[in-house]
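Asks: structural data only, the sequence is not supplied:
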């Protein structure tokens, strides 16, 4: 039932925004693919939305990790789910939340700097990918640390 409702909602959104897509497709096509301005606008909109979704997912994960931090069993269930989804390796899950260069630490850093990454003056220049977003978060921290030291 939920999937049917979601597909119905997607179709309504698609019709309203002149997109053409069906369940399972990963791209939407502008109503006029020969219009370069429209194609570029749609592309940039979807790329920004992908970054927003990725950062939002990292924030949700960070909140979940914080909520499970004192319950070893719940934390391990969450980490195992991430292994099952191929987000983490088994070695990273076994290490817990410790490692500095682990995927988890990168996702945590993105969540901590979500406000910077999603800033309207920065977001249009980003593309999805946690490695890039992590580097933006580190760059921000370096700039903050060196603010006024030039």
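Replies: Great, that's in hand. Please read these numbers as outputs of a predicted model, since none were measured by experiment.
Asks: do I have it right that residue 138 meets residue 109?
Replies: Yes. With contact defined as Cβ atoms under 8 Å, residue 138 reaches residue 109; the gap is 7.0 Å. Just so you know, the C-beta spots here come from the backbone N, C-alpha and C atoms, and that holds for glycine as well.
Asks: the bottom helix or strand of this protein by mean pLDDT?
Replies: Least confident helix or strand, the chain: helix 2-16 with a mean of 53, by mean pLDDT, DSSP states H and E.
Asks: just the buried positions in stretch 126-137, please.
Replies: Buried residues in stretch 126-137, counting neighbours by 16 or more other Cβ atoms under 10 Å, are found at 126, 128, 130, 133-134, 136-137.
Asks: wait, what's in contact with the nearest residue to residue 132 once chain neighbours are set aside?
Replies: Of all residues not flanking residue 132 in the chain, residue 126 sits nearest, at 6.6 Å (Cβ to Cβ, 6 or more residues apart in numbering). Counting by Cβ atoms under 8 Å, 6 or more residues apart in numbering, residue 126 touches 47-48, 51, 117, 132-133, 136.
Asks: with residue 83 instead?
Replies: 89-90, 92-93.
Asks: can you tell me how far residue 146 is from residue 139?
Replies: Look at residue 146 and residue 139: by Cβ to Cβ, to the nearest Å, they are 11 Å apart.
Asks: and what of residue 65?
Replies: Distance from residue 65 to residue 139, by Cβ to Cβ: 24 Å.
Asks: out of the contacts of residue 83, which is nearest to residue 69?
Replies: Nearest to residue 69, judged by Cβ to Cβ, of the contacts of residue 83 is residue 93 at 14.8 Å.
Asks: so where does the closest one fall, helix or strand?
Replies: helix 90-95 (DSSP states H and E).
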